[in-house]
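K.L.:
structure for this input, please:
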Amino acid sequence: MSISSVPAKEDLDLSISSHREKVDKHAEMGTSTRRDSEDDNDMSHSSQEVDDCSDNGSDSEAECFSTMSLDDAVQGEEEEEEGLDMEINGTGTLDEIEEGSPDDVDEDVDPAIHLKAPKGRSIAHSRFSDGSAVFLSLDIEIGGEHAGIIQLSAEVVRMKLCPGRGVSRDRVEEVERVATFDSYVRPECDIWDQRCIDIHQIHPEDDRIASAHSIDQVWSQFKSWLSRHVGVRETIILVAWNGENCDLKWLWRITQAPRSRLSFPPQIQYFMDPYRVISSFKSCPLNKSKSKLDGYDLGSVWKFVNGGQNLNGAHNSLVDVKAQTDILISQGFVPFINRTASIQTVDTIFSATQQKDCRKELEPERPVHSPWVEQTKENNFEWRPPEDDSYTGFAGGPLVGPTTYVQGIAVRTQNLASIFLAILPLTFFSKVSELTDKYCYKDWVVEKTSIDSDGNPKRRPYLETVPATTDGQPTPGRRHRMDCNREKWRITPGFVICWLAILIIQGAHFGSDKKSMRKMWQRPPYGISIPYVQNTMQRDAFEFMRRHIHFADNYIRPKTTDKNYDPLFKVTYVLKEVGLGIRRVWHAGKDLSLDESMIKYCGRAIAFIQYMPAKPIKHGIKVFCLCCAVTAVMLAFEVYCGKDNNKTDNTTVDICERLIHEAGLVRNITGGVIRGRTIYSDNYYTSVKLAKHLYENYRWTLVGTVVPTEKTSRSNEDLPFVKLSNGARNKLRRGGIVRRT
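P.N.:
Below you'll find the predicted structure:
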């Protein structure tokens, strides 16, 4: 049941009473108009007109169409006290409006009262039954997010749907393509998106755009054209290809969004997306499962419907509108028009779009919460630290660059090896050679076999370090790791340095590929035969060192269950020495960079492998790094071993604090705090808490990126931006925010 206008409660009472009198009359006569069907529950519908009079006594009429069978009407009369099962624009039942006050009825709204559609039919089924449905094929072209609509085209189509013996057997008898509308629009903003220009080939300097009217004038012309070709008693079903994501979004912006100055035609009550219908119904002949189409773009579907002809002039909105109509009236699409999932109300789509886009539109205008101040042209100011807290002041630090220690070595020496040994001294290589020799030839081990998940012994045994004696007797089965090798290498500091040099050469030639490494000892055409590598170390010696080099004493290794267990026990010594060596030869300077890095690793030997899809190296070991922002020299680093293996808090403040102290950047030679440094970071580290910590403790500043978020009221310790959608983020202007304390 659909009432085209509800001027007042008294008129609505008259309509209800008139309708119920007619229902009583038919009920007494025992008339039944239900049609029997084997495949569906389609019902014939009778239409009745009920004259309404407005409060001022005018002759205006309100049309009332009854869309329920007489049996249902009788049943509805018997259940009158429980209320009729009718909806008025989704706001309540008929009895609820009858009991409400006159203020509950909006005189400016033209509500449609619908009965529940038969099973398998769309919510516009009553409109098809009484012949009041009109299709409006619409398409727009845009010049980008800022330019907006640049072409608007539409076509009015009337067709008579005849129901078949089943919901999927509908057919069309009469089709009338009434009229078309086509107009270009001159956008208010001259900022066009090049991607849109590449699609429709319409440029800002195009004569069609230069001579076009504004969107206000074009929309007024469109509404006038629509009123001439569609009667006041007809209901429009808007048809737009993939329109929910594009066409309806722009219609909502110009007619429904906050501060929009245009109005939406009230007769457009329903929306149908042929793209969505075709992709949803697998039984549709145009679906991929039937048509074997590669995609559902308008040109491909139109080509299939028209026997292989190409759609010339695509991405011109008038051409696209006519193509939509061709698909709409095609024999393969018609049976799926009046189906449950085919048609939606425009209000439903607009309400979801409104909630989403309203937040985007209002976000740039929303003020930030106190004590933050947003910088604008009218409110633009700069803040600088006091001179006493600047890096160039008396409490500042050294200039960025090499230390006096390494500068003196560079002046006195004539080879690069001396500079290398300034970073990693000879004592380091002596320690490594000692630990490696002990691991290979002095540690006692026994051979053991582990058990797999099924309880069966594994084929490959492993060696476990054991003490030399047990209960005063030699440990049973003990031996040294290399007792089975025929050759015994003499491991010295020079031996380790040579191995490290060849390892660097291998990385320069072959990367981390172990098999390609052997080519350095092979003659062409199988290898590259590097003489100075071959003369320095045998291939077997190089492979031996790569398998057995050691940086720790296994006898003092803590157990995994121990509270002080360190997953990096095997490499802690070398990591510490490398960090000390870098800081020994380089000054950080004023600007520092805080970020994380990835060491490529895809093996199974360690458990703290990280997956970071945004990084160039996606799988590997994550390392927190503090570097010189000018030269990228790494001053301090910390390997991330998982949240369960950290001895301290893993917050960004704690990470930054540990790296600062490890790098020795806080105190100067006299023991005073070095002030005025600046740390640059990304959104992972940037926070008010870290900025306050750095400035209050060291008088350092923090420069970092943040992910824009809604400027909702948050705590004073939080940034005004935390999480925001991409659409709202694009609307924010570039600028800064300043916290006043």
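
K.L.:
helix or strand: which one has the nearest residue to Leu592 once chain neighbours are set aside?
P.N.:
Leaving aside its sequence neighbours, Leu592 sits nearest to Ile679 (Cβ to Cβ, 6 or more residues apart in numbering; 4.9 Å). Where C-beta positions appear, they are placed from N, C-alpha and C, glycine not excepted. Taking DSSP states H and E as the criterion, the element that holds Ile679 is strand 678-681.

K.L.:
which helix or strand lies directly C-terminal to that strand?
P.N.:
helix 688-698.

K.L.:
per-residue confidence averaged over that next one?
P.N.:
Taken as a whole, helix 688-698 carries a mean pLDDT of 90.

K.L.:
buried residues in that helix?
P.N.:
For helix 688-698, the neighbour count (16 or more other Cβ atoms under 10 Å) marks Val688, Leu690, Ala691, His693, Leu694, Tyr695, Tyr698 as buried.

K.L.:
Ser279 - that's part of a helix, no?
P.N.:
Yes - with DSSP: H, G, I helix; E, B strand; the rest coil as the criterion, Ser279 is located in a helix.

K.L.:
excluding its backbone neighbours, what's nearest it?
P.N.:
Tyr296 (5.6 Å).

K.L.:
SS state for that neighbour?
P.N.:
Per three-state DSSP, Tyr296 ends up coil.

K.L.:
distance of it from Thr572?
P.N.:
59 Å (Cβ to Cβ, to the nearest Å).

K.L.:
with Arg481 instead?
P.N.:
In terms of Cβ to Cβ, Arg481 sits 22 Å off from Thr572.

K.L.:
same check on Asp389?
P.N.:
The value you get for Asp389 to Thr572, if Cβ to Cβ is used, is 36 Å.

K.L.:
more neighbours: these two, which one.
P.N.:
Asp389 (18 against 14; other Cβ atoms under 10 Å).

K.L.:
help me confirm that that one comes into contact with Val673.
P.N.:
No - judged on Cβ atoms under 8 Å, Asp389 makes no contact with Val673 at a distance of 10.0 Å.

K.L.:
overlap in contacts, those two.
P.N.:
Ala395, Arg699 (Cβ atoms under 8 Å, 6 or more residues apart in numbering).

K.L.:
distance of Gly603 from Ser512?
P.N.:
Applying Cβ to Cβ to Gly603 and Ser512 gives a distance of 11 Å.

K.L.:
so those two - more neighbours on which side?
P.N.:
More crowded of Gly603 and Ser512, by other Cβ under 10 Å: Ser512, with 10 against 7.

K.L.:
find the nearest non-adjacent residue to that one, please.
P.N.:
That would be Lys600: by Cβ to Cβ, 6+ apart, it lies 7.7 Å from Ser512.

K.L.:
now Lys438
P.N.:
Lys438's closest residue in space is Asp553 (Cβ to Cβ, 6+ apart), at 6.9 Å.

K.L.:
ok, that neighbour - how many residues close by?
P.N.:
15.

K.L.:
let's number from 10 now, not from 1
P.N.:
In the new count, where the first residue is 10, that last one comes out as Asp562.

K.L.:
right, and it touches Thr445 too?
P.N.:
No - checked against Cβ under 8 Å, the pair Asp562 and Thr445 is beyond contact range at 11.0 Å.

K.L.:
ok, back up a step: just checking, what packs against the strand holding Ile688?
P.N.:
strand 600-609, strand 710-713 (3 or more Cβ pairs under 8 Å, 6 or more residues apart in numbering; DSSP states H and E).

K.L.:
for these, give me a markdown table that also has mean neighbour count, mean pLDDT and distance to Arg593.
P.N.:
Shown next, in a markdown table, are the helices and strands packed on strand 687-690 (neighbours: other Cβ atoms under 10 Å; pLDDT from 0 to 100; distance: least, Cβ to Cβ, whole Å):
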| stretch | mean neighbour count | mean pLDDT | distance to Arg593 |
| --- | --- | --- | --- |
| strand 600-609 | 17 | 93 | 18 |
| strand 710-713 | 17 | 92 | 27 |
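
K.L.:
adding distance to Phe617, write those strands out as JSON lines.
P.N.:
Shown next, in JSON lines, are the helices and strands packed on strand 687-690 (distance: least, Cβ to Cβ, whole Å):
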{"stretch": "strand 600-609", "distance to Phe617": "11"}
{"stretch": "strand 710-713", "distance to Phe617": "26"}
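
K.L.:
wait, which of those strands is closest to Val454?
P.N.:
strand 600-609 (29.1 Å; Cβ to Cβ).

K.L.:
quick one: name whatever helix or strand follows that closest one.
P.N.:
Next helix or strand after strand 600-609 toward the C-terminus (DSSP H and E): strand 619-620.

K.L.:
so how far is that next one from its chain's centroid?
P.N.:
19 Å (Cα atoms, centre = their mean, to the nearest Å).

K.L.:
tell me the strands beside it, with direction?
P.N.:
Here strand 619-620 is paired, per DSSP bridges, with strand 628-637 (antiparallel).

K.L.:
neighbouring strands of the helix or strand just after the partner strand in the sheet, and parallel or not?
P.N.:
Next helix or strand after strand 628-637 toward the C-terminus (DSSP H and E): strand 643-648. In the sheet, strand 643-648 lines up against strand 628-637 (antiparallel) (DSSP bridges).

K.L.:
what angle do the partner strand and strand 600-609 make?
P.N.:
160 degrees (axes from the mean of the first three to the mean of the last three Cα atoms, to 10 degrees).

K.L.:
which residues sit against strand 628-637?
P.N.:
409, 595, 597-598, 600-611, 615, 617-621, 642-649, 664-665, 668-669, 671-672.

K.L.:
whichever of the residues you listed end up buried, select them in PyMOL.
P.N.:
A single PyMOL command suffices to select whichever of these are buried according to 16+ other Cβ under 10 Å:
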select buried, resi 409+595+597+598+600+601+602+603+605+607+610+617+618+619+642+643+644+645+646+647+649+664+665+668+669+671+672
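
K.L.:
show me the helices in the stretch 60-209 of the chain, by range?
P.N.:
79-87, 103-108, 134-139, 203-209 (DSSP state H, counting those that start in this stretch).

K.L.:
those helices: lowest mean pLDDT?
P.N.:
For the helices of the stretch 60-209 of the chain, where the average pLDDT is lowest is helix 103-108, sitting at a mean of 34.

K.L.:
can you pull the phi/psi pair for the residue lying closest to Met546 once chain neighbours are set aside?
P.N.:
Closest residue to Met546 apart from its sequence neighbours, by Cβ to Cβ, 6+ apart: Cys507 at 5.3 Å. Main-chain dihedrals, Cys507, degrees, to the nearest 10: phi -60, psi -40.

K.L.:
how about low-confidence regions in the stretch 60-209 of the chain?
P.N.:
The stretch 60-209 of the chain contains residues with pLDDT under 70 at 60-124.

K.L.:
residues in contact with Trp709?
P.N.:
Neighbouring residues of Trp709 by Cβ under 8 Å, 6+ apart: Arg684, Gly685, Arg686, Thr687, Ile688, Leu703.

K.L.:
just among these, which is most surrounded?
P.N.:
Ile688 (25 neighbours).

K.L.:
any idea what it is bridged to?
P.N.:
Leu601, Leu711.

K.L.:
which ones are touching it?
P.N.:
Leu601, Ser602, Leu603, Cys665, Leu703, Trp709, Thr710, Leu711, Val712.

K.L.:
would you check that the first one makes contact with Arg686?
P.N.:
Yes - distance between Leu601 and Arg686: 6.1 Å, which falls inside the contact criterion (Cβ under 8 Å).

K.L.:
need the residues touching each of the two.
P.N.:
With Cβ under 8 Å, 6+ apart, Leu601 and Arg686 have common neighbours Leu674.

K.L.:
so Val248 bridges to which residues?
P.N.:
Residues in beta-bridge contact with Val248 (DSSP bridges): Ser146, Met281.

K.L.:
could you measure from it over to Trp530?
P.N.:
Applying Cβ to Cβ to Val248 and Trp530 gives a distance of 74 Å.

K.L.:
Thr479 too?
P.N.:
When Thr479 is compared with Trp530 (using Cβ to Cβ), they lie 43 Å apart.
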